[in-house]
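>>> Provided below are the primary sequence and the corresponding predicted coordinates.
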Amino acid sequence: MAKYDKADLERRMHGAVESLKSDLAGLRTGRAHSALLDPVTVEVYGSHMPLNQVASVSAPEPRMLSVQVWDKSNVGPVDKAIRSAGLGLNPIVDGQTLRLPIPEMTQERRKELSKLVRPICRKGARRGAERPPRRHGQSQDR
């Protein structure tokens, strides 16, 4: 019988949970969080760069994101990238700062969100990332 390695099982299961968390972090719920803008890439200096490499993102209020662009010449491209990211956010430009009000959740948005979450959860279940480590641990436990 193989030796039971609890640390390895915990590491593998933790990786599966973190993967699901990162997939779900990009969804726009009714609350502002900086991870919402992680998938946004901005075309500046002749290449595509992640937003967090050209600006800092913070959530000063529960329903507001603030994007502080470091270079004033990049405000336009950052605004364009956020609008075209398909997040349903409309930035308000205020100098080098962009304010993004997060709209309140409506019944329609809740239904749309459930449709978005379903494939993410299916992908995780289909991938079954947490199942093999758990089964492996259970077989070694016996």
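Sure thing, it's come through.
>>> mind checking pLDDT for Leu9?
As predicted, Leu9 sits at a pLDDT of 75.
>>> correction: Gly124
63.
>>> now swap in Gly95 and tell me
89.
>>> burial of it, as a residue count?
Burial of Gly95 is recorded as 9 neighbouring residues (other Cβ atoms under 10 Å). Every C-beta, even on glycine, is put in place using the N, C-alpha and C of the backbone.
>>> ok, Arg109 - contacts?
Pro103 (Cβ atoms under 8 Å, 6 or more residues apart in numbering).
>>> go with 7 Å
Applying Cβ atoms under 7 Å, 6 or more residues apart in numbering, one finds that Arg109 lies in contact with no residue.
>>> Go over the secondary structure and confirm it is in a helix.
Yes. Under DSSP: H, G, I helix; E, B strand; the rest coil, Arg109 falls within a helix.
>>> Would you check how far apart it and Lys21 are?
As judged by Cβ to Cβ, to the nearest Å, Arg109 and Lys21 stand 21 Å apart.
>>> Over to Thr97?
Distance, Thr97 to Lys21, using Cβ to Cβ: 29 Å.
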